[in-house]
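Visitor: Any chance you could fold what I've pasted below:
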Amino acid sequence: MEEKFDRAPGAGRALLPSARPGLGDGGADAAPKDAFFSQREPLRQPKTSPPSSENNVNTANELAGGDFRRQSKPPQNVYSNSMAASKGCNVDGLVKTSKLSVNAPEFVPTGFAVLEDTGLYDDSEGHYSEPCPTLADMVADFLLHLSSSPGSFDTDIEYISSVLNSWVTTQDLLQELVELIYTQSTAIPNFSYTGARLCNYLSHHLSINPQSGNFRRLLLKRCQTEFEMKDTAVKGDLEVQKRFHSFVLFLGELYLNLEVKSAKGPPNRAAILLIALKDLLNCLFSNPADANLICAVKLLKLTGSVLDDTWKESGKPYMQELVQRIENIVLDASCSRDVKQMLLKLVELRSSDWGRVQAAAAACHATPDNDPNYFMNEPTFYTADGTPFTAADPEYSEKYQEILDREEYFPELYEENGESDLFFDDEMDPEIEEAFENFCLETERKRGQ
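Guide: Residues are numbered from 1 along each chain as shown. Down below sits the predicted model:
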């Protein structure tokens, strides 16, 4: 009896079939045993290439013949199976009827969408190029930056002006620039002040000066167009009124910030805007709806002191007439209670000279009577019951003397700076000492947990 063991590393001690037929131990009985061991899974996958189509056909025949010892062979080639599955396929016929060409520049499968050339790819540079920005895009970026960072106006305005000078070279572009700035200044919330400053700077630093007018002249023409629709706008719907009120506040900022050079002396404000603001205020008060009155109050809070001073210098009582109209509206108009309260606060503000404080006296001559900031930097003291008081308090002398008396009576309780510094003697009361020791023990116990 011959036995042959598989000596491969990791192999089991399974009996292998004899190399020569007839040398097995069981003769005819050895066939089932040979079949059983031949179905055993290999130790590792073979590294040989997949069998050819001929071997696949032979393998299929052997499997059909019942030779189960061939079941461990790799599966048939997929490509050969697909070719075999095409029953009666005439290859020559397909080649003759095909529309494919070997000379085609590229192959595009059926149903594949071809992207159109948008011209953004530059073959010479080898990278995608950005589309050229327009004046509207550039101005929108500038205004958005100034709106989000108004504190950077002084540092960025010179660069913005230089870029606009390089772009705005024709009359049409100048007109477009004026329209863009006006639209954004009346559309972006809280941008009217920065927009007015931008208009003032560009009116002096834009180099283009066509015959139709420079930047300031075109801007005033655009404002005049909106001004002429005031009688209709104050009676329009909410959206029309909102747009008109934005224009009114922008015109107020423009009057305060737009400077007109004079032949002699410092620059002046545009007198045409002063007349326009007076007419706009009369128009708003003539239609005492809540929205119109609120807009008038905002405009007077913004420009009231300047308008009042200018009219007083020219001897015109326009501001007093406006105050009289406000008082009549408070008495007779059917506006809301909150709006009436705003109007009364405005009258009170004007009676206090628009909240302005006279110039403070020199430090050497300052007294509580002539300098409202006399007690600004004085320290704050506290009485025995914790009540704060300063040098501006009428009873300052008495309260401060009480602090000095307490400090003199209990000198050991005060430091040099006058603050109390309570302390304990070395010897404590027995009950306090016991309570303190218990507190320390309890604290240590909690730390140890």
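
Visitor: all contacts plus neighbour counts: C-alpha atoms, from now on.
Guide: Will do.

Visitor: Pull the contacting residues for the closest residue to Asn214 other than its chain neighbours.
Guide: Of all residues not flanking Asn214 in the chain, Ile208 sits nearest, at 7.0 Å (CA to CA, 6 or more residues apart in numbering). Contacts here follow CA atoms under 8 Å, 6 or more residues apart in numbering; on that basis Ile208 touches Asn165, Val168, Thr169, Thr170, Asn214.

Visitor: all strands for this structure, in order.
Guide: 121-122, 127-128, 259-260, 268-269, 381-382, 388-389 (DSSP state E).

Visitor: Comparing those strands by mean pLDDT, which bottoms out?
Guide: With a mean of 48, strand 121-122 has the lowest mean pLDDT of the strands of the chain.

Visitor: the longest helix in this protein is where?
Guide: helix 290-313 (DSSP state H).

Visitor: got the CA positions of that one in CSV?
Guide: Output of helix 290-313 as CSV, limited to C-alpha atoms (Å, rounded to 0.1, in the frame of the first residue of the first chain):
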residue,chain,number,x,y,z
ASP,A,290,-47.4,108.6,9.0
ALA,A,291,-44.7,107.6,6.5
ASN,A,292,-44.4,111.1,5.1
LEU,A,293,-44.2,112.7,8.6
ILE,A,294,-41.6,110.1,9.7
CYS,A,295,-39.5,110.9,6.7
ALA,A,296,-39.7,114.7,7.4
VAL,A,297,-38.6,114.1,11.0
LYS,A,298,-35.6,112.1,9.9
LEU,A,299,-34.7,114.8,7.4
LEU,A,300,-34.9,117.5,10.0
LYS,A,301,-32.9,115.6,12.5
LEU,A,302,-30.2,115.1,9.9
THR,A,303,-30.1,118.6,8.4
GLY,A,304,-32.1,120.8,10.8
SER,A,305,-29.2,122.5,12.5
VAL,A,306,-27.5,123.4,9.2
LEU,A,307,-30.7,124.5,7.6
ASP,A,308,-31.6,126.6,10.6
ASP,A,309,-28.2,128.4,10.7
THR,A,310,-28.2,129.0,6.9
TRP,A,311,-31.7,130.5,6.9
LYS,A,312,-30.9,132.6,10.0
GLU,A,313,-27.8,134.0,8.2
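
Visitor: what about that helix, average pLDDT?
Guide: Here the average pLDDT along helix 290-313 is 94.

Visitor: Can you pull out the residues in contact with it?
Guide: Around helix 290-313, the neighbours that count as contacts under CA under 8 Å, 6+ apart are 234, 241, 245, 248-249, 252-253, 256, 274, 281, 284-285, 317-319, 335-336, 339, 342-343, 346, 350, 353-354.

Visitor: and with 7 Å instead?
Guide: Residues external to helix 290-313 that are found in contact with it (CA atoms under 7 Å, 6 or more residues apart in numbering): 234, 245, 249, 252, 281, 284-285, 317-319, 335-336, 339, 343, 346, 354.

Visitor: now do the same end-to-end measure for stretch 259-277.
Guide: 16 Å (CA to CA, to the nearest Å).

Visitor: Provide the partner residues of Glu259 in its beta bridges.
Guide: Glu259 forms beta bridges with Arg269, as assigned by DSSP bridges.

Visitor: Which residues are in contact with it?
Guide: Glu259 sits in contact with Asn200, Pro267, Asn268, Arg269, Ala270, where contact means CA under 7 Å, 6+ apart.

Visitor: ok, and for stretch 267-279, which residues are buried?
Guide: Using 16 or more other CA atoms under 10 Å as the test for burial, stretch 267-279 gives Arg269, Ala270, Leu273, Leu274, Ala276, Leu277.

Visitor: could those go into JSON lines alongside distance to Ile329?
Guide: Listed next are the buried residues of stretch 267-279 as JSON lines, based on distance: CA to CA, whole Å:
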{"residue": "Arg269", "distance to Ile329": "31"}
{"residue": "Ala270", "distance to Ile329": "30"}
{"residue": "Leu273", "distance to Ile329": "26"}
{"residue": "Leu274", "distance to Ile329": "23"}
{"residue": "Ala276", "distance to Ile329": "22"}
{"residue": "Leu277", "distance to Ile329": "19"}
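
Visitor: which one of these sits closest to Glu226?
Guide: Ala276 (11.2 Å; CA to CA).

Visitor: What pLDDT does the model give the closest one?
Guide: On the pLDDT scale, Ala276 gets 95.

Visitor: swap in Lys33?
Guide: Per-residue pLDDT puts Lys33 at 42.

Visitor: Offset the numbering so it begins at 44, please.
Guide: Noted, 44 is the first residue going forward, which turns the last one into Lys76.

Visitor: Domain ranges for this protein, per the record?
Guide: 176-271, 437-492 (automatic domain parsing).

Visitor: Comparing these, which yields the minimum mean pLDDT?
Guide: Among the domains of the chain, domain 437-492 scores lowest, with a mean of 65.

Visitor: To what extent is Asn146 buried, counted in neighbours?
Guide: 6 (other CA atoms under 10 Å).

Visitor: Hmm, I typed the wrong one, I wanted Leu386.
Guide: 21.

Visitor: ditto for Thr229
Guide: So Thr229, with other CA under 10 Å, has 22 neighbours.

Visitor: follow-up on the earlier one: same list (the domains of the chain) but as a markdown table, adding distance to Val349.
Guide: Below are the domains of the chain laid out as a markdown table (distance: least, CA to CA, whole Å):
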| stretch | distance to Val349 |
| --- | --- |
| domain 176-271 | 16 |
| domain 437-492 | 37 |
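
Visitor: quick one, which of those is packed in tightest?
Guide: Of all the domains of the chain, domain 176-271 has the most neighbours on average by mean count of other CA atoms under 10 Å, namely a mean of 16.
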